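A.B. asks: missing the sequence, but the structure's below:
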């Protein structure tokens, strides 16, 4: 029996909850855009860490951590984890470039190079969001941060499946998070990325089948590395691998989404902007938001540094 | 399906030696990697020693990618990977014919490049940042570059960013992938490059030692930051025996858990649980463990908490418990990978590398840390601890491979 997705949430440029993402996607209207540093930015409207999460424990929390903590909280609100229950968390992210480079900037500009804010030091390291989510929501099982570009959420999904298969976690909250920041905008601009930059976080609960009503069955996730200049070839092989593992063929596929693949449009990014490390996970969310029971969905994504990942889902769960 | 997984190649870029043989000699001699930091400007800091990888040119090890497109950590990762593959006596063609995994753990990725970008921005504005550095700054490169430099396509490449236990996470990930048949081989470990950001952070936390790292010592003053890469080849025992490959160790099991309590302070009960989970995964009893490679940062808090957790599992007489950070400094995401390699060398060459710089054991850390001098030892089962900010604990258990005895 394949693991299943039993819950999901999204905090997106459409709003801070799943409903606003679903409504926004169905409306087909692009999320509002404001001026950013080097790009227009589609921000999560009204997202204020301290307002949403309270003042306790949030003084040093950056936007990226706040987005992740908020999203995980939507899933644990209805089903809290208990210490020791092996609830896992896997997050795909590039961390906060803003926090990371701000920390260096303070070392370079303060009177002494070590007059940096110790409370913000963890924010400059990529696992801070997962660590803070664990603290806020008592997630004591495997806690994994994967550094990834657009496919990061799919890599995280593969990791979650591996943890479940090996019996290392009872259930896994798995997702991806990205923030808009001026620093990210400049780094992306220098890396040749244009368009609107989006942000947000998507979280799924993945667990063995039979634990709860299944929204979708995760049939397979497969990865490859594209040789320079051949994303298309590697992605095609990767999708074939995943479909073969799922016991399906291309004819069975009723929904497909691509991100970071030249010449394959990304309709989700057209609505909410380029959500960076959260891109592929936002497409999984789009599958869950718009698919019908029985649909077979392929979500494929390419990182600009080479990794390609494809996932095959069937909506409505096991049958 | 559960297959036995063995370590057949060791690749090392470290402050005390490059490559398996040099590293093994340094471990046996108890060499120190401490030297004045040169990779960033230390003006304004009173203590300026670190365990830097000095005088190493990664370029000869990088075959396909333009080295200028790789940051320091990625170069270390590629170089250590190539050493590991050569050590495993497997060719690129043989690797390409198999399904694989490349998994590199890191704390900071290419934060050394981000430091430089921040400096350029402060001096000349954000438009003046160097696009070459910007493009090579994502931590994804650490694993992707390894795959691309070997022209491997049928591999999953992942960069695990769980800070200072990331090396163990990567080894555990590779272990699960090979054990279950998801991959035929894994090239896994950790890599990090020293950077101002992390040095300043640890310095501000009061955890950078003025002279040297003295784990478990009553006068310990903290860490020296370090860097490097440790990469290993994992494959099934069956494949290794068929190839006649060297087998340094068997990966018997591992475990992950999370403190979920404090962003930076370790938790004794949680570390105890992680050790117990790892031993259970390995099918080993505490009484069978011959050596513990501790996270052992040499900070007052870590060493008391960690040895406390070890005693909670092992009782008042734990097996010898060493910290390689006395020699290597804290190589961050590479730390537990380099430590795992040191364990593999200890198992193979039958000795325990010492905890150097040791004068007097802190009664609060009462363990035998094998002070200053290596000792001969028949090591059958070794536990390797990795602890990290975020409460990210990862413990790997290695054993001497015995074809007749499956655990």
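C.D. replies: Right, received. Where do you want to start? All of these numbers come straight from a predicted model, not from anything done at the bench. Residues are numbered from 1 along each chain as shown, chains lettered A, B, ... in the order given.
A.B. asks: going by C-alpha atoms from here, please, whenever you check contacts or count neighbours.
C.D. replies: Fine.
A.B. asks: how about the helices of the stretch 51-200 of chain B, start to end?
C.D. replies: B:72-87, B:92-96, B:111-124, B:131-136, B:141-149, B:166-179, B:196-204 (DSSP state H, counting those that start in this stretch).
A.B. asks: check chain A too.
C.D. replies: With DSSP state H as the criterion, chain A has helices at A:18-27, A:49-53, A:63-78, A:97-109, A:128-137, A:152-165, A:182-190, A:231-246, A:267-272, A:279-290.
A.B. asks: got the ones you listed as TSV, with mean pLDDT, mean neighbour count and distance to residue B:400 columns?
C.D. replies: Below are the helices of chain A laid out as TSV (pLDDT from 0 to 100; neighbours: other Cα atoms under 10 Å in any protein chain shown; distance: least, Cα to Cα, whole Å):
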stretch	mean pLDDT	mean neighbour count	distance to residue B:400
helix A:18-27	98	17	51
helix A:49-53	95	15	50
helix A:63-78	97	22	42
helix A:97-109	98	22	41
helix A:128-137	97	26	34
helix A:152-165	98	26	26
helix A:182-190	98	21	47
helix A:231-246	98	20	35
helix A:267-272	98	21	51
helix A:279-290	98	25	41
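A.B. asks: adding distance to residue B:106, write those helices out as TSV.
C.D. replies: TSV is the format used below for those (distance: least, Cα to Cα, whole Å):
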stretch	distance to residue B:106
helix A:18-27	33
helix A:49-53	28
helix A:63-78	19
helix A:97-109	15
helix A:128-137	13
helix A:152-165	16
helix A:182-190	20
helix A:231-246	26
helix A:267-272	29
helix A:279-290	23
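A.B. asks: so who does residue B:177 touch?
C.D. replies: Shown in contact with residue B:177 (Cα atoms under 8 Å, 6 or more residues apart in numbering or on different chains): A:162, B:101, B:183, B:186.
A.B. asks: any idea which of these is the one closest to residue A:244?
C.D. replies: If you rank the contacts of residue B:177 by distance to residue A:244 using Cα to Cα, residue B:183 comes first, at 16.0 Å.
A.B. asks: returning to that earlier point: and residue B:131, which of the helices of chain A is closest to it?
C.D. replies: helix A:182-190 (4.8 Å).
A.B. asks: list the helices and strands that closest one packs on?
C.D. replies: Applying 3 or more Cα pairs under 8 Å, 6 or more residues apart in numbering or on different chains; DSSP states H and E, we find helix A:182-190 packed against helix A:97-109, helix B:131-136.
A.B. asks: circling back: now for the helices of chain A, which one comes closest to residue B:54?
C.D. replies: Closest among the helices of chain A, using Cα to Cα: helix A:97-109, at 23.3 Å.
A.B. asks: hmm, that closest one in reach of chain B?
C.D. replies: Yes: using Cα under 8 Å from any Cα of the partner chain, helix A:97-109 reaches chain B at A:100, A:101, A:102, A:103, A:104, A:105, A:107, A:108.
A.B. asks: which of the helices of the stretch 51-200 of chain B sits closest to residue B:262?
C.D. replies: Using Cα to Cα, those put helix B:196-204 closest to residue B:262, at 16.3 Å.
A.B. asks: ok now that closest one, how far from the chain's centre?
C.D. replies: 20 Å (Cα atoms, centre = their mean, to the nearest Å).
A.B. asks: contact residues of the stretch 1-150 of chain B facing chain A?
C.D. replies: Close to chain A, as judged by Cα under 8 Å from any Cα, the stretch 1-150 of chain B has residues B:43-45, B:107-108, B:111, B:114-115, B:118-119, B:122, B:126-127, B:129-132, B:134-135, B:138-141, B:144-145, B:147-148.
A.B. asks: look at residue B:318 and tell me its secondary structure.
C.D. replies: Assigned with DSSP: H, G, I helix; E, B strand; the rest coil, residue B:318 falls in the coil class.
A.B. asks: picking that back up, could you dump the helices of the stretch 51-200 of chain B into JSON lines and include mean pLDDT?
C.D. replies: Formatted as JSON lines, the helices of the stretch 51-200 of chain B follow (pLDDT from 0 to 100):
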{"stretch": "helix B:72-87", "mean pLDDT": "98"}
{"stretch": "helix B:92-96", "mean pLDDT": "97"}
{"stretch": "helix B:111-124", "mean pLDDT": "98"}
{"stretch": "helix B:131-136", "mean pLDDT": "98"}
{"stretch": "helix B:141-149", "mean pLDDT": "98"}
{"stretch": "helix B:166-179", "mean pLDDT": "98"}
{"stretch": "helix B:196-204", "mean pLDDT": "98"}
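A.B. asks: so which of those helices gets nearest residue A:240?
C.D. replies: helix B:92-96 (18.3 Å).
A.B. asks: okay if I get the helices of the stretch 51-200 of chain B as JSON lines plus distance to residue A:37?
C.D. replies: Output for those, formatted as JSON lines (distance: least, Cα to Cα, whole Å):
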{"stretch": "helix B:72-87", "distance to residue A:37": "28"}
{"stretch": "helix B:92-96", "distance to residue A:37": "43"}
{"stretch": "helix B:111-124", "distance to residue A:37": "13"}
{"stretch": "helix B:131-136", "distance to residue A:37": "16"}
{"stretch": "helix B:141-149", "distance to residue A:37": "25"}
{"stretch": "helix B:166-179", "distance to residue A:37": "33"}
{"stretch": "helix B:196-204", "distance to residue A:37": "23"}
